[in-house]
Every structure is written in structure tokens, then in C-alpha cells.
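[1] sequence first, predicted coordinates after that:
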Amino acid sequence: MTTTEAKKEIARLSELIDHHNNLYYQRHTSEISDYEFDQLLKQLLQLEDQFPTLRQPDSPTQRVGGAITKNFETVVHQYPMLSLGNTYSLEELTEFDKRVSKGLGNESYEYFCELKFDGVSISLIYEEGILVKGVTRGDGVRGDDVTANVKTIRNIPLKIKRKNIPKQFEVRGEVFLSRSNFRQLNKEREDIGEEVYANARNTASGTLKMQNSAEVARRKLDCNVYYLLGENLEIETHADAISKLEQWGFNVSPTYSKVGDINEVFGYINSWEKKRLDLPLETDGVVIKINSLLQQRKLGFTAKSPRWAISYKYKAESLSTQLKDITYQVGRTGAITPVAELQPILLSGTTVKRASLHNANEIERLGLRIGDYVFVEKGGEIIPKVTSVDMSKRDNSKSKPIKYITACPECKTPLIRHEGEASHYCPNENGCPPQIKGRIEHFIQRNAMDIDSLGEKTINQLYHLGLVKSPADLYDLTKEDLAKLDGFKELSIKNLLTGIVNSKEAPFEAVLFALGIRYVGKTVAEKLAKHFKTMEALSEASYETLLEAPEVGEKIAESLIHFFKNKDNRKEISRLQKAGLQFTLIEKEQHKLSNSLDNKSFVISGVFENYGRDELKALILAHGGRVLSGVSGQLDYLLAGDNMGPAKRQKAEKLGVQIISEKEFEQML
Ligand code: IVH
């Protein structure tokens with residue numbers, strides 16, 4: 001393909017992908033399947049890899065991330081990012097209204113009400129319609145340049161597809177993790193034995209500051225915008241700004257409302273108090289703004305916040321109830337979660353009986369005693385929280401201190417606590433019932449072996465009947481075994497057996513994920529499969545060899561070593577192999593892109609601006625080159641990124657190996 005042809009094809013694919021993105025994120029419909037969409041994106045990625053100079057800053061491939069930011073550059077905000085005054089009562093709001101009225105003399109005025117989204121604020125700078133910078137609030141005067149991460153947020157337009165837009169403008173909004181994405185993220189973390197995050201807001205904030213934008217993309221942040229700034233915007237009211245933002249393709253929450261006076265503001269506040277709990281994201285109040293921009297300017301700012309806007313915070317419904325007892329749950333990975341057993345209480349429309357206490361530290365932090373009265377709150381999450389002890393009702397003679405358990409409540413094995421971790425663990429991996437059942441549930445899930453005719457209830461029965469004690473037992477199940485299950489008739493037996501047989505087709509990376517090795521999630525499993533290619537190579541890899549694989553750090557390497565050292569695990573793996581599961585990577589036919597690197601060998605070292613290391617590796621292979629692991633006299637090029645070890649450089653220099661930069665490499669293609 002010539003450069004001109006490539007340019008045309010890149011433009012065609014970009015436009016097509018933008019079209020489907022727009023349908024999906026703005027209009028919530030779709031014309032093609034997720035798979036077809038991914039294929040289009042893959043084609044574009046491949047072309048951009050082949051012709052790196054043709055990669056556009058607003059290319060839809062930016063959405064998948066990949067860029068690594070080592071240090072976030074500090075950016076001074078053109079307009080400082082102020083905070084809002086807070087009010088907690090309708091009286092305080094009436095005071096605000098009086099101040100506004102006074103400030104505006106006898107003029108009449110309108111308000112604009114929005115919900116206060118609970119995330120982190122972001123400033124988005126557009127030039128010539130293209131998103132050029134995304135900056136965090138920082139201290140309000142200067143923030144961090146997190147552009148690469150912001151570009152992964154699907155509902156932030158990379159380019160405004162409209163004529164007559166101002167040369168430069170700034171949009172502000174709130175970046176957040178929706179309730180469902182937050183829940184999903186925690187589910188995945190729990191599944192691989194990572195500690196779960198406590199709240200969506202802090203997680204969104206931490207995610208926005210991650211160095212690896214591919215990980216940011218995976219976490220699926222969202223953004224609601226609520227502010228347009230710049231010169232010559234041709235808008236007179238905040239309502240105009242909001243409607244412009246909507247037209248330009250930004251995501252504006254449809255919950256806003258223009259209202260006449262402060263009484264209507266009260267109406268808005270009341271109408272959203274309960275309804276807001278059903279929104280896809282957490283909100284903690286209402287922001288009330290003066291609609292006219294001229295009047296906004298008249299009212300001006302104090303040192304910290306505008307005089308033309310204020311926020312009203314909803315009181316989180318919090319009630320006090322008695323802590324009856326603490327019970328302990330054992331997860332799939334052996335992690336222990338203490339649970340508060342409460343005197344049932346009606347809270348925001350549902351009866352609350354239990355609340356998670358996370359870990360021993362949390363119990364200590366709260367200073368809990370059994371018999372205490374505690375305040376319970378329902379945040380955005382479904383599981384309520386214990387926020388504090390109701391000290392006014394403490395009675396030392398009737399309450400008693402909590403002794404955290406030292407043995408597993410299920411199998412009595414003494415618990416352990418790893419250094420630096422908050423949770424206690426039951427180490428009896430292969431003998432503790434909830435861990436065994438959890439491992440089977442993990443094994444059959446959709447991303448793993450995908451045996452969808454098997455649910456939690458059936459697994460429980462299979463376990464109690466002694467038929468399945470490990471995933472490999474599934475492959476020995478017979479018709480006669482299944483006939484012993486409640487409600488299993490000919491058809492359901494056949495379905496389950498077919499499901500089990502079909503699972504043998506699941507690819508190697510799915511098998512690897514299914515094994516439930518701690519810290520080996522779906523993405524890591526994919527990288528491991530790609531790198532080691534066979535179960536044998538992976539299971540025999542040394543700690544050092546493991547560390548050479550992409551995305552593998554010390555924690556994962558240790559976990560893999562620990563897993564493959566275990567005799568029971570080895571036996572299980574060999575049984576799974578005999579059952580016919582895929583233990584080898586089936587490599588998709590690599591499309592050769594050119595012969596430009598034929599017969600040339602490379603060692604990749606350090607961190608790169610535009611590519612991940614495995615991306616570089618794929619690129620070299622696709623252009624006919626080879627990737628070696630160590631510097632030797634035979635090596636042609638040492639591809640050097642930042643922070644490359646000095647030893648490698650010295651060795652290459654001594655052996656006369658050419659050292660090239662990322663830029664020089666791009667030119668070779
Ligand atoms: S307007 C001059 N509108 O709340 C202030 N802010 O406490 C302009 N926030 O930093 C902010 N939802 O991060 C505005 N609908 C909304 C908002 C909102 C959430 C956040 C924002 C701001 C903070 C101020």
C-alpha cells in the first residue's frame with residue numbers, strides 16, 4: 001500500500017469508527033456488533049502502526065490507550081478552576097438568593113439547576129475543534145496534563161465535527177466511574193485477589209492519574225460536562241452554553257433544568273432527592289447557577305468561588321442501629337471479609353440487615369464494639385456502609401470488644417496476613433469449601449471456560465454430592481452423575497454435558513485465566529499466553545523469565561511461581577490437559593506489513609513515548625524483523641527508550657551495536 005492509499009484508508013476507517021462511536025455513545029443505538037467494531041479499530045491500529053506519521057491526534061485509536069506518561073506535566077489553567085460554596089439547608093439557599101438579588105439591583109434573573117456529579121473535575125482544551133489537552137484541577141491554579149488518559153474516555157469528543165466553531169475554547173466537566181463500571185471493576189479485582197476499591201470517586205481520581213493509558217481505557221471512565229469557557233462563543237446564557245455543548249457532541253447529563261426563581265429551585269431539589277439514586281452515577285447535591293452570563297459577570301467571584309453559583313448538598317440518609325454481631329465471609333481467593341450483622345432497619349426504602357466492614361483495619365478505625373449503636377448510610381452502592389459509632393448510646397457494660405478471628409470460619413485453618421495487605425487470608429487453597437466452590441465458579445465464567453449451563457446452585461450441589469472438588473472433575477462427569485442433581489432431566493443433562501465438551505475449545509488464554517491464579521486477570525492471561533505460548537513454557541519459567549513478560553511485575557511473578565510449585569495444582573493441570581483443554585496459543589496468522597526490517601534483529605529496552613513494548617515487538621515482527629532478549633555481537637539494533645539500564649547501553653557500545661531511538665525506529669519502517 002502506498003502512503004497516499006494508506007492516508008485515504010485511514011481517513012475512511014476513522015470516519016466509519018467515529019460514526020459508530022457517535023451512534024453508540026450519543027444516541028445509544030448501534031448498527032454493528034461489538035466484534036465488527038473491534039475489527040474496524042484493529043484494522044486502523046494496524047495501518048497506523050505501519051504508517052506512524054499518518055497517525056492523527058484525534059484518531060479513534062487513541063481511545064484504546066497505549067501511551068505511557070511517566071511524569072504528568074504541570075499546566076497553568078487559563079481560567080482558574082474554582083470551587084463552589086456549599087449549602088446544606090433551604091434557609092442557606094434563601095440567603096444566597098437574597099445576596100444574588102441584592103447584587104443584581106432590581107433586575108429579574110433566572111436560575112439553572114444541575115446535579116452535582118461526584119467525580120473529579122477536568123478541563124478540556126480544544127483548538128481548531130481538536131482536543132489538545134486534558135488537565136486535572138490540581139490546586140485550582142495549576143493541574144496535571146493527563147491528555148493521553150482523557151482521550152480514552154469515549155464520551156469526550158476528540159474532534160468537534162461542526163462548522164463555525166471558535167478557534168479555541170475550554171470545556172469543564174466531571175470525570176467519573178459509573179456505578180456499574182465501578183462494580184464491574186471491583187468484581188474483577190476481587191476475582192483475582194486484588195483488594196477492592198472503597199469508593200468510585202477516589203477510584204476515578206486515581207485512574208485519571210495512571211501512567212498506563214491502556215489500563216485507563218480498560219476501566220471505562222465517563223465524563224459529564226457543565227461549563228464552556230472562551231472568547232467569542234456567541235452565547236448569552238448558561239442554557240445556551242449547555243445546548244452548544246450538546247450540539248458539539250459532548251455528554252451533558254439530561255437532568256438539568258432552567259427555572260424561574262428560588263422556589264422552583266427548591267422544587268428541583270425535592271424532585272431529585274430520591275430519583276438521583278437511580279442515576280447511573282453518584283451525585284451528592286445540586287448546583288444552582290445564574291443563567292445569564294452578563295449577570296454572572298456582574299456578580300463576579302470571591303477569592304475562592306463564584307458569587308453566581310452555589311451547591312446544595314443532600315444529606316445522606318443515615319440512621320443509628322445496633323450491631324448484633326460480626327460474621328466473616330471467605331472469598332474465592334481466601335480473603336476474609338468481616339460483615340456487620342445489624343438490628344434490621346428501614347433505610348431509604350429498603351431494610352438493611354448487614355453491612356460490609358472491609359477488613360480488620362476498618363473495624364479498628366471505627367473503634368467498634370459488639371452491642372454498639374452504629375450509624376448506617378446508603379451511599380451510591382447497594383451495600384450499605386457503617387460510617388461511625390453512635391457514641392451517645394455507647395454502654396461499656398453492655399457492649400464488648402471485638403476479637404478478630406484467627407482461624408478460617410469454614411475450615412478452621414489459621415489465617416495469615418501478608419505484609420502490606422489489609423485483608424486476612426485462609427491459606428488452605430485446596431481444602432477450604434468456599435475457595436473450592438469459588439474456584440469452580442471462576443473457572444466456568446464467560447471470560448474463562450464459558451460453561452453457561454452451570455450456575456452457583458448446581459456447583460454447590462455437585463460439591464456437596466462429592467462429584468466435583470476441582471475444575472478438572474467437571475470433565476469426568478457422566479450422565480448418571482448429573483441425574484443425581486435436583487431437577488436435572490434429560491435435556492438439562494444434555495445441555496450441561498454439551499457445555500462442558502464445548503468448553504474444550506476455549507483458547508489457551510481463557511484456560512489460563514480460568515485457572516484462577518492470583519493477580520492473573522483476563523488481560524494478564526492474554527499477555528502471558530502470547531509471550532509464553534504454551535502452558536509448559538509458562539509453568540517452567542523462572543522468576544526472572546516471568547519478569548521479562550509484558551505486564552508482569554514482582555507480585556504476579558511470585559504468584560505464578562507459587563501456583564506452579566504447588567503439587568495439587570500441577571496434578572490438576574495435567575488432568576485438564578488430558579481432558580483436552582487448549583494448552584497452546586493459536587496464533588492468528590500474522591499479517592506481514594512490509595519487508596523493511598527483514599533479517600534485522602532488535603533488543604527493546606526502556607520505556608517509550610508512543611508504544612508499549614509488546615506493541616513494538618509486534619511491529620518489528622510484522623515488518624520482517626526479529627526480537628532478541630539479550631545484547632550480543634550478533635545484534636543489529638538496540639531500540640532504546642527512557643530509563644534503559646546503563647549496563648545494556650555499555651554492552652551495546654562495546655560490541656558496536658547500533659543504538660536507535662523510537663523516532664529513528666519509526667523512520668526505518
Ligand atoms: S460548576 C466555578 N457544575 O463541584 C465553579 N461543578 O465544588 C464551576 N461539580 O470543581 C463548577 N457537578 O468538580 C459545576 N454540575 C456541576 C458540577 C460541578 C460537580 C464539581 C466540580 C467543581 C466542584 C465544586
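    Received the coordinates, thanks.
[2] can you find the helix or strand in the protein with the smallest mean pLDDT?
    helix 613-622 (a mean of 80; mean pLDDT, DSSP states H and E).
[3] how far off centre is that one?
    26 Å (Cα atoms, centre = their mean, to the nearest Å).
[4] can I get the CA coordinates of that helix in CSV?
    Only the C-alpha atoms of helix 613-622 are listed here, as CSV (Å, rounded to 0.1, in the frame of the first residue of the first chain):
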residue,chain,number,x,y,z
ARG,A,613,6.9,-2.9,24.5
ASP,A,614,4.8,-5.7,23.1
GLU,A,615,3.4,-3.2,20.6
LEU,A,616,6.9,-2.6,19.4
LYS,A,617,7.6,-6.3,19.3
ALA,A,618,4.6,-6.9,17.2
LEU,A,619,5.6,-4.1,14.9
ILE,A,620,9.1,-5.5,14.4
LEU,A,621,7.8,-9.0,13.6
ALA,A,622,5.2,-7.6,11.2
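[5] list of residues touching it?
    Helix 613-622 is contacted from outside by 46, 49-50, 66, 527, 530-531, 550, 590-594, 597, 602, 604, 608, 611, 626-627, 639, 665, 669, using Cβ atoms under 8 Å, 6 or more residues apart in numbering. Just so you know, the C-beta spots here come from the backbone N, C-alpha and C atoms, and that holds for glycine as well.
[6] so which of the residues you listed belong to strands?
    If you go by DSSP state E, the contacts of helix 613-622 have 602, 604, 626, 627, 639 in strands.
[7] so the second one makes contact with residue 627?
    Yes - contact between residue 604 and residue 627 holds when scored by Cβ atoms under 8 Å: they sit 6.6 Å apart.
[8] neighbour count: the two, which is higher?
    A count of neighbours by other Cβ atoms under 10 Å puts residue 604 above the other of residue 604 and residue 627, at 22 against 17.
[9] next one: the more buried one from the ligand, what distance?
    As judged by Cβ to the nearest ligand atom, to the nearest Å, residue 604 and the ligand stand 40 Å apart.
[10] how about that residue, what does it touch?
    Per Cβ under 8 Å, 6+ apart, neighbours of residue 604: 613, 616, 617, 620, 627, 639, 641.
[11] could you rerun that using 10 Å?
    611, 613-617, 620, 627-629, 637-641, 644, 665 (Cβ atoms under 10 Å, 6 or more residues apart in numbering).
[12] follow-up on the earlier one: name the residues contacting each of residue 604 and residue 627.
    613, 614, 616, 617, 620, 639.
[13] including distance to residue 477 and neighbour count, could these go into a markdown table?
    Shown next, in a markdown table, are the shared contacts of residue 604 and residue 627 (distance: Cβ to Cβ, whole Å; neighbours: other Cβ atoms under 10 Å):
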| residue | distance to residue 477 | neighbour count |
| --- | --- | --- |
| 613 | 43 | 20 |
| 614 | 38 | 17 |
| 616 | 45 | 20 |
| 617 | 41 | 19 |
| 620 | 46 | 22 |
| 639 | 51 | 25 |
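[14] now those as CSV including distance to the ligand?
    Output for those, formatted as CSV (distance: Cβ to the nearest ligand atom, whole Å):
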residue, distance to the ligand
613, 36
614, 36
616, 38
617, 40
620, 44
639, 41
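[15] what does this protein have sitting close to the ligand?
    By Cβ under 6 Å from any ligand atom, the residues of the chain that approach the ligand are 82-84, 114, 116-117, 121, 174, 226-227, 287, 306, 309, 311.
[16] still on that earlier bit, the least confident helix or strand of the chain to strand 601-605, inter-axis angle?
    170 degrees (axes from the mean of the first three to the mean of the last three Cα atoms, to 10 degrees).
[17] tell me which element the residue lying closest to residue 456 once chain neighbours are set aside falls in.
    Here the nearest residue to residue 456 in space, its sequence neighbours aside, is residue 441; by Cβ to Cβ, 6 or more residues apart in numbering that works out to 6.2 Å. Taking DSSP states H and E as the criterion, residue 441 maps to helix 433-444.
[18] which helices and strands does that helix pack with?
    helix 179-191, strand 318-330, helix 456-464, helix 471-474, helix 508-514 (3 or more Cβ pairs under 10 Å, 6 or more residues apart in numbering; DSSP states H and E).
[19] deepest of these, which one?
    Stretch with highest mean neighbour count among the helices and strands packed on helix 433-444: helix 508-514 (a mean of 24; mean count of other Cβ atoms under 10 Å).
[20] what is that helix packed up against?
    helix 433-444, helix 522-532, helix 535-540, helix 567-579.
[21] what about 7 Å?
    Judged by 3 or more Cβ pairs under 7 Å, 6 or more residues apart in numbering; DSSP states H and E, helix 508-514 is in contact with helix 522-532.
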